[in-house]
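Q: A predicted structure for the sequence below; I have some questions about it.
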Amino acid sequence: MSREQKLNLFRIIASLVLLVTAMLMGEEKPAYLWLCLASYAIVAYSVLWTALRNIAGGQVFDENFLMAVASLGAFFTGNYSEAVAVMVFYRIGELFEEIAVGKSRRSIAALMDIRPDHAVVLRDGVEQTVSPEQVRVGEHIVIRPGERIPLDGVVCDGTTTVNTSSLTGESLPADKTVGDTVISGCVNISGLVTVEVKSEFAESTVSKILEMVENSAEKKTRSESFITRFARYYTPCVVIAAVLLALIAPLFFAQPWNEWINRALIFLVVSCPCALVVSVPLSFFGGIGGASKLGILIKGSSYLEALSKADTVVFDKTGTLTEGSFTVTAVHPESMSEEELLSIAACAESYSTHPIAESIIKAHGRDIDKTRIGGIKELAGRGLEAEIDGQLIYVGNYRLMEEVGAKWLPCEHIGTIVHVALKNEYLGHIVISDEIKSDAKRAIKALGECGVKRTVMLTGDMKQVGEAVSKELGLSETYTELLPGDKVEVLEKLLSQEDGKHTLVFVGDGINDAPVLTRADLGIAMGALGSDAAIEAADVVLMDDKPSKIAVAIKLARKTMRIVRENIAFSLGVKGVVLLLGAAGYANMWFAVFGDVGVLIIAIINAMRALDTRRLRG
Amino acid sequence: MKKTFEFEKLGCAHCASKMETAIRKIDGVSSASINYIMKKLTIEAEDAVFDEVLSKAVKACKKIEPDCKIVL
């Protein structure tokens, strides 16, 4: 609590003590009125003063004014203790709101506590500590164990492990060595490394993330604008109703003034819309904050709303559901050992930079003895011809095998098949495929469980490969052999099949699917750590590359929306009931105080639940 | 030009939304938003009139909530 908040708390307690003493003493004692007045003066003077100043400034319907009128009114109708109570509880509510908002602001700030405060830069061989903004691209920075990585860059000296949990929610540290990229905002755990800076601070991952979360309020949801609009009309309407209530019955129906003024005052007490106006954005902010704790960045509360209505999820295959890197998944030699076959293929492919060649060389694992290679000739679209250990070797697809007359065998594995032949003698084949991510299957299942009806995969890959992946994962639809432009077209078609009440989510890795990401109702980019294009194009960014986070994000969005709806319904409901009972004469001032402050406190506590993501961790 | 400012003593959420509406009405402002939770004000306005817009915004906020300050 700040000094001022403590002072306010002290005032409230002092005032409460006086009020309780007065009430215990009983109304008939002469000191009763004086105690109530003293109690009132302690808590009310600042409210009265602000109300006066605001009226001078033309702000009539503000909460200070309403509370001032309500409590003064109660005084003049002889309800002294109620008059004080209105003010005391109003101040309690205000203090509570301040503390609760401050608390959630701090806990969100703690989540966002990834801003590095300094960088140690090497200039002319001397280490200088400067602020991250002052480091230029290409300079070398030194990062010690325990320090936060200040800027994005590439390790140029040393090895270490890095904790990315503040960005990805992933608790497993990642090993980094020379040539690896490190991302600002992560924490260096074990070793000292020198890093060449690749982007300026303003363009770094950490700045982008912070900017995104802090600006998330700019895109308001329907519920938020509904509440703001509602609040604009609610207060004046209730005040006018109160005035009419106070005047009509006594003037035209000869009812007692005191009684009807009291009823009107109840209206004034519940006319403050603050419970609604605070709790709705607070819930959204909590949801966004909670999501970022899980490595899910949501660019605005309106996207949280869209996410909660998702019923179709469209995936890009490569890099989203699959690893996006080719690996040798099977080696089937005819007679020689697997290792020998790989070694021959690796020699033949050793000068190629094609991803398939690279995966064979990687699978071979050892250094290639280049003296074995006599000569290599590329055969476009078919493979290559190489002289290895003085023998003529063909490595390539089945067409090449037919050409040289080798009796090739098909393979039951799905993927790209590389055949190897010695002149026209078939040696065997190597299967290369893109591995499905370990949690992809679980991700699809989890989506089904949280009510997503259609899961669609789009891929530029061959029909066989795409359909095999789709079957393995249990997707409901698959579109294969698509060119980049086709993806947008398919998406348009899928969008036109939506019913308008639900949303279509597209998930991609942000590489060359930016147009599709922007076209979908909601674009999710994944594995976006360090990919600027994805952060720009997407509405939601998954910091790691786990598809299972999509279901987590949807669940979180639904929970947040539920909290928002609960708060709206609860606050409006209670206020409505108080108004009705108040008008009918069944509610007293205490009831009204609950309708104002009690509702505010409950709504805030409920909103804070959105920040809690313990149960959502998947 | 788009700039972000911080509030001091931003009291209530309803006032924040009133301020937001008031700032949007200032000539030359193309967008304005207040993040009540982060206590931040973002104003986007034409460069030429930005300072003028800003001083009007400060006045508008002061009128709605006298204790509240924009940290410039």
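A: In hand now; what should we look at? Nothing here was measured: the structure is a model prediction, and the numbers come from that model. Numbers count the residues shown, from 1 in each chain, chains lettered A, B, ... in the order given.
Q: what's the domain layout of chain A?
A: With automatic domain parsing as the criterion, the domains of chain A are listed as A:119-150+A:152-198, A:324-435.
Q: Tell me which of the ones you listed lies nearest to chain B.
A: For chain B, the closest of the domains of chain A is domain A:119-150+A:152-198, at 15.9 Å, according to Cβ to the nearest Cβ. Using the backbone N, CA and C atoms, a C-beta is placed for each residue, glycine as well.
Q: is the closest one up against chain B anywhere?
A: No - applying Cβ under 8 Å from any Cβ of the partner chain, one finds domain A:119-150+A:152-198 separated from chain B by no less than 15.9 Å.
Q: For that domain, the averaged confidence score.
A: Regarding domain A:119-150+A:152-198, the rounded mean pLDDT is 86.
Q: Could I get the full set of strands for the stretch 401-550 of chain A?
A: With strands called from DSSP state E, counting those that start in this stretch, the stretch 401-550 of chain A shows them at A:416-422, A:425-436, A:454-458, A:477-479, A:503-508, A:522-526, A:540-542.
Q: and the fourth one, how far from the chain's centre?
A: Spelled out, it's strand A:477-479. The gap between where strand A:477-479 is centred and where its chain is centred comes out at 28 Å by Cα atoms, centre = their mean, to the nearest Å.
Q: Now do it: everything it contacts.
A: A:454-459, A:466-467, A:470, A:486, A:490 (Cβ atoms under 8 Å, 6 or more residues apart in numbering or on different chains).
Q: And the residues you listed, which is closest to A:V418?
A: A:G466 (19.6 Å; Cβ to Cβ).
Q: Would you mind listing the residues in contact with the closest one?
A: A:317, A:457, A:459, A:478-481.
Q: One more: A:S131?
A: A:S131 is in contact with A:117-119, counting by Cβ under 8 Å, 6+ apart.
Q: Which parts of chain B are helices?
A: In chain B, the helices defined using DSSP state H lie at B:13-24, B:50-64.
Q: most tightly surrounded among those?
A: Counting by mean count of other Cβ atoms under 10 Å in any protein chain shown, helix B:13-24 has the highest mean neighbour count of the helices of chain B, with a mean of 22.
Q: If I take that helix and helix B:50-64, what angle do their directions form?
A: Angle, helix B:13-24 to helix B:50-64, by axes from the mean of the first three to the mean of the last three Cα atoms, to 10 degrees: 150 degrees.
Q: Just the CA coordinates for helix B:13-24, please, in PDB.
A: Below are the C-alpha coordinates for helix B:13-24, written out as PDB (Å, rounded to 0.1, in the frame of the first residue of the first chain):
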ATOM      1  CA  ALA B  13     -12.200   3.400 -14.900                       C
ATOM      2  CA  HIS B  14     -15.300   5.200 -15.800                       C
ATOM      3  CA  CYS B  15     -13.400   8.500 -15.700                       C
ATOM      4  CA  ALA B  16     -10.700   6.900 -17.900                       C
ATOM      5  CA  SER B  17     -13.300   6.100 -20.600                       C
ATOM      6  CA  LYS B  18     -14.700   9.600 -20.300                       C
ATOM      7  CA  MET B  19     -11.300  11.000 -20.900                       C
ATOM      8  CA  GLU B  20     -10.800   8.700 -23.800                       C
ATOM      9  CA  THR B  21     -13.900  10.000 -25.400                       C
ATOM     10  CA  ALA B  22     -13.000  13.600 -24.700                       C
ATOM     11  CA  ILE B  23      -9.500  13.300 -26.200                       C
ATOM     12  CA  ARG B  24     -10.900  11.600 -29.400                       C
END
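Q: buried set for stretch A:279-297?
A: A:279-297 (16 or more other Cβ atoms under 10 Å in any protein chain shown).
Q: what mean pLDDT does it have?
A: Mean pLDDT, computed over stretch A:279-297, is 83.
Q: ditto for stretch A:426-444
A: Computed over stretch A:426-444, the mean pLDDT rounds to 86.
Q: With stretch A:92-111 instead?
A: Averaging pLDDT along stretch A:92-111 yields 76.
Q: Any chance you could list what contacts it?
A: For stretch A:92-111, the external contacting residues (Cβ under 8 Å, 6+ apart) are A:1, A:5, A:8-9, A:12, A:213, A:274, A:278, A:282, A:285-286, A:289, A:292-293, A:596-597, A:600-601, A:604-605, A:607-608, A:611, B:11-12, B:36-39.
Q: what would the strands of the stretch 401-550 of chain A look like in a markdown table with mean neighbour count?
A: Formatted as a markdown table, the strands of the stretch 401-550 of chain A follow (neighbours: other Cβ atoms under 10 Å in any protein chain shown):
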| stretch | mean neighbour count |
| --- | --- |
| strand A:416-422 | 22 |
| strand A:425-436 | 21 |
| strand A:454-458 | 22 |
| strand A:477-479 | 19 |
| strand A:503-508 | 26 |
| strand A:522-526 | 27 |
| strand A:540-542 | 28 |
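Q: rewinding a little: report the two of the contacts of A:G466 separated the most.
A: Most distant of these, by Cβ to Cβ, are A:M457 and A:E481, 12.3 Å apart.
Q: which ones are touching the nearest residue to A:L542 once chain neighbours are set aside?
A: Distances taken as Cβ to Cβ, 6 or more residues apart in numbering or on different chains place A:M526 nearest to A:L542, at 4.0 Å, with adjacent residues excluded. Shown in contact with A:M526 (Cβ under 8 Å, 6+ apart): A:320, A:507-510, A:534, A:541-542, A:544-547, A:549.
Q: again with A:E334
A: Contacts for A:E334 (Cβ under 8 Å, 6+ apart) come out as A:426-428.
Q: mind showing which ranges of the stretch 401-550 of chain A have poor pLDDT?
A: A:510-512, A:527-534 (pLDDT under 70).
Q: what about the helices in it?
A: Secondary structure of the stretch 401-550 of chain A (DSSP state H, counting those that start in this stretch): helices at A:440-449, A:463-473, A:484-496, A:514-519, A:532-537, A:548-584.
Q: Show me the one of those helices that comes nearest A:G185.
A: Comparing the helices of the stretch 401-550 of chain A against A:G185 with Cβ to Cβ, the closest turns out to be helix A:532-537 (12.9 Å).
Q: is chain B contacted by stretch A:199-206?
A: No - if you take Cβ under 8 Å from any Cβ as the test, stretch A:199-206 misses chain B, and the best it gets is 13.4 Å.
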